[in-house]
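# After the sequence you'll find the predicted model.
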Amino acid sequence: DFKRNEHKSIRRQPPANSHSYIAAATSSRLFFNMQIISLALLAAVSMMTAEAFAPSSRTTSRAAGSAALQMVVPSASSSDKPLTELCEITKEACEAVAPMLNELYSQIKIGTGVSDTAAFKSDATFFTIADGIVQHMFIEYLFAGDKFADIVGEEDDSVVNILETPFTVDDLVVPDEFEDLVIETLAKVKALSSRIDGKAFKDMTVFVDPIDGTREFATGKGDKVTILVGYNDAAGIPQAGIIYRPLTTPHYWASGAKSEGFKDGVLDTPDEINSKGMLITDGKVSPFINSVIENSGMNMVPSLASGNRVLMLVEGRAGAYIRDTGGFAKWDTSGPQAVLEAHGGVMAKLPEFLNDKSMVSYTHLKTKINSDFCKMSVGLTLSNAKDKSMFIPGLDSIVKDVHLVKEYSCLQGLVALAPTKMEAFYLNAIHSAMNNIKNESPPTYT
């Protein structure tokens, strides 16, 4: 208003010299415009500052037959939200390797040794070229240097060569037609490495499962395959992670870091949430789990692969995933636990929850002996035995020596509850159902 009045006064009292009048009016308009620009710039800076400190939460849901809906709040810089930034970089790394995985998946031959890109593991699961290459790219290149305290991968024993042709994974030769794609993928992963803060994660341990669901990968069930990466604090508690399905269209995934209020993802949500669903494995359901399901009034939901199961909880396809028997390891729980908890759920060991509803995490640290071993409570199995020759089928062998079991096997069962099951009523109901049957059908920890 002041400037408009000043401009009017100039017009009412023009100077005798018309040129001086024009100059004075022009100067007034320029001064007015400059103030407007200054105010606009100030507003823009204020908006950017507000966005930088806003909590980051982004989730895309894609229900069957419906369009995707997305809420986006820009994430903060790495200095403000280091775990959030780390999750973003990890997601980009998963995106980078996805085309290579899809090409390998499309060419793989299902069988028992006839494939050039698959071979049996000694524990009867398939080991693929993709498994070894993805882990190698992540550990040796994405996480290169001393950015983290330790890195643990499922395929740590693999010997991978992707620098000189022919490329190899152990004794498997990568077919020539994949070489250019491997080179292109490696370049993308290398480029992401420089964006990881070299000082922020010195006390963190990374757990990587390059392809969770290797058997599914090799038998045409690619929609159940996930890439799992978890970042754990100095105590071995998951703090951030990602579950990523690289073989679906679109790629469904979820990531999160609860301590920074961050969650993100593209979810394949069902038309109706199944909060009474209990995920069961593709193996034999134990008497304990059967009794819990019957006693709690829940319904069985078949599922495959550890990471996929937890993503199903986040998506609302089931309300709980509980197991007493083993067959899974800490690279299967690190990233998924961080993701589930960031999205409002929980994951913990079974014994403590069964006792008093305590939520106690597995310890995710690099180790030579199992840090969650409990003497005289674990049965030796083909999946948890360090030396498979020690396992005798049909013989119930209770382990007394921690050196007999694999260092990263999860030996104390699992309780994973979806966000929809976190109310006290549901927690109490599930705990009560367990206690009602634990004497007649006790859990079998393996």
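Happy to help now that I have it.

# Can you verify my assumption that Val229 contacts Gly241?
Yes - contact criterion C-beta atoms under 8 Å: Val229 and Gly241 qualify, at 5.9 Å. Where you see a C-beta, it was placed from the backbone N, CA and C, and this is true even at glycine.

# Now for these two: what residues contact both?
Taking C-beta atoms under 8 Å, 6 or more residues apart in numbering as the criterion, Val229 and Gly241 both touch 334-335.

# Pull out the buried positions in stretch 262-278.
262-269, 273-274, 276-278 (16 or more other C-beta atoms under 10 Å).

# Stretch 433-446 now?
So, applying 16+ other C-beta under 10 Å, buried residues of stretch 433-446: 433-434, 437, 441, 443-446.

# Surely Ile289 is within a helix?
Yes - counting by DSSP: H, G, I helix; E, B strand; the rest coil, Ile289 is located in a helix.

# list the contacts for it?
278, 280, 322-324.

# Inside strands: which ones of those residues?
278, 280, 322-323 (DSSP state E).

# hey, where'd the helices end up in this structure?
2-12, 18-52, 82-107, 129-137, 179-193, 214-218, 287-296, 306-315, 334-342, 350-356, 424-437 (DSSP state H).

# For the third one, which helices and strands make contact with it?
In this case it means helix 82-107. Counting contacts by 3 or more C-beta pairs under 8 Å, 6 or more residues apart in numbering; DSSP states H and E, helix 82-107 packs against helix 129-137, helix 179-193, strand 226-232, strand 238-244, strand 253-257, strand 262-267.

# any idea which of the contacts of Ile289 is the one closest to Ser303?
Using C-beta to C-beta, Ile280 comes nearest to Ser303 of the contacts of Ile289, at 6.7 Å.

# Tell me the confidence at that closest one?
Note on Ile280: pLDDT of 94.

# Asp170 now?
For Asp170, pLDDT reads 89.

# repeat for Thr219
In this model, Thr219 carries a pLDDT of 81.

# what's around it, how many residues?
Counted with other C-beta atoms under 10 Å, residues neighbouring Thr219 total 15.

# tell me the average confidence for stretch 222-233?
97.

# Thr420 versus the residue lying closest to Val301 once chain neighbours are set aside, what's the distance?
Nearest residue to Val301 in three dimensions, chain neighbours excluded: Gly277, at 4.1 Å (C-beta to C-beta, 6 or more residues apart in numbering). Counting by C-beta to C-beta, to the nearest Å, the separation of Gly277 from Thr420 is 10 Å.

# rewinding a little: now tabulate the contacts of Ile289 in a markdown table and tack on distance to Pro351.
A markdown table is the format used below for those (distance: C-beta to C-beta, whole Å):
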| residue | distance to Pro351 |
| --- | --- |
| Met278 | 19 |
| Ile280 | 20 |
| Ile322 | 12 |
| Arg323 | 13 |
| Asp324 | 9 |
